[in-house]
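# Sharing a sequence plus its predicted fold:
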Amino acid sequence: MLKKSRFFMSLTLLAALTAGCSTVSKEPAATGESTPGTAAEQNLDITIGRAFDVSGLDPGFLTENAQVVDNIFDTLVKRDENEKLIPGLATSWKQVDDLTWEFKLREGVSFTNGEPFNAEAVKYSLDRVIDPASNAPTASYVSTIDKVEAIDDYTVHVITKKPDPLIPTRFNRYPTEVVPPKYAEEVGQEEFAQKPIGTGPYKFVSWDKGSNVVLEANADYWNGAPEVKKVTFRSIPEASTRVSALLNGEVDIVTGVSPEDRSKIESSSNARLSTVERAGNTVYVGFKTDVKPFNDPKVRQALNYAIDVDTIVDKVLQGAAVRTNSLIGPKDFGYAGEPEGYNYDPEKAKQLLAEAGYPDGFSITLDTVSWYIKNTDVAQVIAEQLKAVGVTVKVNNVESSVYRTLVPAGKQSDMYVLGWSSTNTLDADAAIYAILRSGESYSTYHNADVDAKLDEARSSTDENKRTELYKEIQDEVIKDAPRIFLYQENQYYGVSDSLNWDGRVDTSIQVSTITAKTQ
Amino acid sequence: MKRYVLKRLGQALLAVIGAATIVFFIIRLSGDPARLMLPPEASEDQVTALRQSLGFDRPVWMQYIDYLKNLVTGDLGNSLYYKDSALKMVLERMPATIDLAVFAIIIAVAVGLLVGILSAYYKNSIIDYLLNGWIFLTQSLPVFWIGIVLILIFAVNLHWLPTSGNRGLESIILPALTLAAYPIAPIARTMRASLIEVMEQGYMVTSQAQGFSKRRRIFKRGLKNALLPVVTVISLEFGVMIAGAVVTETIFSWPGVGQLIIQAVSNRDFPLVQASILVVSILYITLTLVTDLIYHRIDPRIKVR
C-alpha cells in the first residue's frame, strides 16, 4: 500500500518540521527543474497540463475531447498543419456512388499488441459505435453511416444513409479511430477504456485517476518513431495554477490559458504564448425569431446597429477574440472571407426601432453563462449599449449545467448568449446547421429558404455547389439578422521555450509532431 | 455506557440515511445528465435513448426505492462517466484527502494552540492584540487567494516547491498550509477563551496563592483543564477537511475526494455524487461519535446518560 506508507512518511516529515529543522528534501525530479534547452534530445520526456483528467480512453465512447486518445490511436484520414486532409491509416479514398465511399487501407500496420490492422478492424471499430444499442456518446458524429463493408483485407466501403460529403472528414475524428478487434472483444468495453491499445504513435502506460495519464513512444510506429519518448498528461483544473506550473518548469505545455494570464507567460523567461486565432467559439446573441418583438427583422437589425462590437473586443476581451460577421471560421470548409455586417450606429438603431413600432424601446431579459471569455462582463456591456437606444435589458446569469439543458430544450429567454464551434469537422455544416436549421435543438431561427439550402448543402457532394450554397445562406442570414453578430474567440496555449509546438484550430495535440528546439 | 453507545450509533445511522436521501433528491432537482453526456450536436432522440438506458426516465420515487435496495446490499452503482464502481473510486481518492487533512490539522493545531496560549498568557497586551489581528486576517482571507499567493511565492518565484499535483512530500506543504489557514482561528480563539476562563477558577486562584509562577500554573494545571472545548473544535474542523477540501484540492489539483465531488456534481454523475457524500458523511458522523466518546475519557465529570 503505497498510499499508506506515504501517510506515515508525511507524519515523519512533519515531526522533522515541528522539531525545528527545516530539512525539506528537494528532489529535482519532482519540482521538475528541467532547465529549458538541456532536455536530452534522445530521451525527450514532456508533461502537458490540461484542465481535465480523462474519464475513459476508448475513442468510440468518449464524453470529452480526444487530446489524449488521439495519440494512442490513428484515424483513416489525418490533417496536416494547415488542417488539410491527408492520408492516415487509409492511403486513398474516393466516392464510388452517391452513397458509397471507398477507402484503401495502409498495408503492414499492426496494433502495438501485434494484431494486424486491416479492413475487419475498421469495420469492427465503426460497428460498435453506430450500433444504437451501444449508446455511444458521439454517435452523432457518424450518424449518417449506415454500414461498413470489408471488401478485401485492405479495402473498405462506407455506405451512408443519405449522400454525405463529409465522410472523409468524419474519418478524421475520434469515434472512427481504429481499435484492435481481438483485444477489444477479449477484455470488453470497460477494461478497454482503462487499458487501450491502438496503432498510434504512443502506447498507453498508466492512468492515475484524477491526476495523470502517461504514454510512451511506439518505436515501431508506421510513420516513424516520434522524438518525444514519454508524455504525461496532467490534470490541473485551476487555470492560474496551470500557468504557474508552466512557469515553474513542472509542465512543458498548458492548454486553456485564460486571457488574463497571457502577460504572465509573455514576460516569462522560459515559456512563450501560442495564440490560435479564431480557434474557439463564435459567440453571438441569439433571438427567438418567432417571438415578439424579435419576429420583426427590423428589431433584430436595430439591435445589431446598437452594439459596438469593436469596443467590446478591445476593452472587455482585451483582444482575446476577433470581431466577425462570418458564420463560418476561416479554417472551415465553406469560408468565404469576411462579409459586411452592421456597423455601430445607435441613431440608425433608434430609427429602425421606431419604424418597427417601438419608438420607446422595450424591456427584455438576456440569458448568459460562464462558458465564454468574460461573458458576464460582455453581457453587461451589451445591456448598457442597448439601454442607450431605449432597450432595457436584465442580464440573467445561468449556472452552466442548467444552461446546457435549458437551451437545447428551447427554454432560455428570448434573447440569449451562445457560442458555437466547428472543431468536430471543420466544415460549415458543423458551424451553422445545428444553430440555424429550424427544428434543431439549438436553433431558434425559422427561415424556410435557409432550411432548404442547409439541407441541400448537407447532402450535396459537389464542393463548388456547397461553397456557393453556404455563401448564399450567409448573405441571407446576415440580412435577416437572427442574432447579434459578435466575435470568434482565440485560444491560448503556453509552451516551454525548449519545445517546437503550436496550438491548432482543431484543438488536437499531436505529441508526435513535438520536437526539441536545437539551441 | 453500552446503552449510550448503542443510542448514539442508532442516531448516526439515521443521520447517514438522511444525508443519503437529501443528496439523492437534491441532485435530481436540476435535471438529469443525459444531455450533458452527449455533444451539443446530438439529437433529442439520442438524448432520450441514453436517458432510458440510464433509467432516468422512470419516476423519481422508483429510482429512490432502487437506490435504497442497492444501498442495503452495499451496491452504490457505477460512475456514469468513468463506468467504474463509484464506491471504489471514492475510496481510491480518500487516502489523498486524509493525508492532506492530517497534515493540515497538525499545522492548524500546533499554530492554533500556540497562538491561543500566548494570547491568553499575555491577555489584553499588545501581543494579544497582534496575534488576534493576525488570526482574524488568515481566517478572513479567501482560501483561493491564499493558495494562489503561496503558489506565486514558493513555486513560481522561489522555485522551492511544486505548484500542484501529488508526488512526493513537498507537494503536500502548500495545500496543507492553505487548508490550515482557516481552522487556526477557531482553535486559537477557543484555546484563549477556555484558558482564560480556567485561570479564573477557584483552584487556579488557590495555586496562585500557593506561590506557583504564572507559567507553571498555565502549563501544569490550566492547560489540561482548558483543552476540552478545544478538542471539540479540532475534531469538527478535521471533519470538515475530510469532507473534501473542495477549493484547496482544486487550486492545487490535489487528487482527493473534494475534486472528485466538484467534478461529479458539475457532470451530474449521480452515482458518484451519492457515493462520495455517503462515504464522507459516514466518516464525519463516525468522527463526531468518537469525539463524544473521547470526551468522557478526558473529563469524567461529563455524565453518560
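Noted; the coordinates are in hand. Numbering: from 1, shown residues only, chains lettered A, B, ... in the order given.
# I'd say A:E489 and A:A321 touch.
Yes. Here A:E489 reaches A:A321: they are 4.6 Å apart, a contact under Cβ atoms under 8 Å. In short, each C-beta sits where N, CA and C put it, glycine included.
# joint contacts of the two?
A:G280, A:V283, A:I373 (Cβ atoms under 8 Å, 6 or more residues apart in numbering or on different chains).
# Please name the residues that touch A:A136.
Contacts of A:A136 (Cβ under 8 Å, 6+ apart): A:G60, A:F61, A:R128, A:V129, A:I130, A:P175.
# Closest to chain B out of those residues?
A:F61 (8.3 Å; Cβ to the nearest Cβ).
# Not counting residues beside it along the chain, what's closest to the closest one?
Distances taken as Cβ to Cβ, 6 or more residues apart in numbering or on different chains place A:A136 nearest to A:F61, at 5.5 Å, with adjacent residues excluded.
# does the one you found count as helix, strand or coil?
At A:A136 the chain is in coil, as set by DSSP: H, G, I helix; E, B strand; the rest coil.
# A:E489 and A:A321: who's more crowded?
It is A:A321, of A:E489 and A:A321, that has more neighbours when counted by other Cβ atoms under 10 Å in any protein chain shown, with 28 against 23.
# Quick check on the more buried one: phi, psi?
phi -150, psi 170 (degrees, to the nearest 10).
# which ones are touching it?
Counting by Cβ under 8 Å, 6+ apart, A:A321 has contacts A:G280, A:V283, A:V313, A:I373, A:L486, A:Y487, A:Q488, A:E489, A:N490.
# Where is pLDDT lowest across the residues you listed?
On pLDDT alone, A:G280 ranks lowest of the contacts of A:A321, at 85.
# Next, the contact list for the closest residue to that residue other than its chain neighbours, please.
Spatial nearest neighbour of A:G280, chain neighbours left out: A:E489 (3.3 Å); criterion: Cβ to Cβ, 6+ apart. Contacts for A:E489 were tallied using Cβ under 8 Å, 6+ apart; they are A:R278, A:A279, A:G280, A:N281, A:T282, A:V283, A:A320, A:A321, A:Y372, A:I373, A:G419.
# Can I get those residues in a markdown table including secondary structure?
Output for the contacts of A:E489, formatted as a markdown table (three-state DSSP):
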| residue | secondary structure |
| --- | --- |
| A:R278 | coil |
| A:A279 | coil |
| A:G280 | coil |
| A:N281 | coil |
| A:T282 | strand |
| A:V283 | strand |
| A:A320 | coil |
| A:A321 | strand |
| A:Y372 | coil |
| A:I373 | coil |
| A:G419 | strand |
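# For A:N490, see how far away the closest residue to A:P330 other than its chain neighbours is.
Excluding its sequence neighbours, the residue lying closest to A:P330 (Cβ to Cβ, 6+ apart) is A:R278, at 5.9 Å. Distance, A:R278 to A:N490, using Cβ to Cβ, to the nearest Å: 6 Å.
# Name the residues contacting each of these two.
A:V322.
# What ranges does the stretch 51-200 of chain A have for its strands?
Counting by DSSP state E, counting those that start in this stretch, the stretch 51-200 of chain A has strands at residues A:77-79, A:85-87, A:90-97, A:100-105, A:145-152, A:155-160.
# Of all these, which one is nearest chain B?
strand A:145-152 (14.6 Å).
# can you tell if that closest one touches chain B?
No. On the criterion Cβ under 8 Å from any Cβ of the partner chain, strand A:145-152 is out of touch with chain B, staying 14.6 Å away.
# got the angle between that strand and strand A:155-160?
Comparing the axes of strand A:145-152 and strand A:155-160 via axes from the mean of the first three to the mean of the last three Cα atoms, to 10 degrees yields an angle of 160 degrees.
# Identify each buried residue in strand A:145-152, please.
A:I145, A:V148, A:A150 (16 or more other Cβ atoms under 10 Å in any protein chain shown).
# For residue 120, the count of nearby residues, please.
Using chain A here. 14.
# Chain B is the one I meant
The number of residues near B:A120, taken as other Cβ under 10 Å, comes to 23.
# so which strand or helix has it?
Here B:A120 is covered by helix B:86-121, with elements defined by DSSP states H and E.
# same deal with A:S240?
helix A:239-247.
# Let me see the mean pLDDT of that helix.
94.
# one step back: so how do I select the buried members of the shared contacts of A:E489 and A:A321 in ChimeraX?
Per 16+ other Cβ under 10 Å, the buried members of these correspond to this ChimeraX selection:
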select /A:280,283,373
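# Tell me the one of the shared contacts of A:E489 and A:A321 nearest A:V495?
A:G280 (17.8 Å; Cβ to Cβ).
# residue contacts, that closest one?
A:G280 neighbours (Cβ under 8 Å, 6+ apart): A:A321, A:I373, A:G419, A:S421, A:Q488, A:E489, A:N490, A:Q491.
# That one and A:W371, how far apart?
Taking Cβ to Cβ, one finds A:G280 at 10 Å from A:W371.
# list residues touching both of those two?
A:G419.
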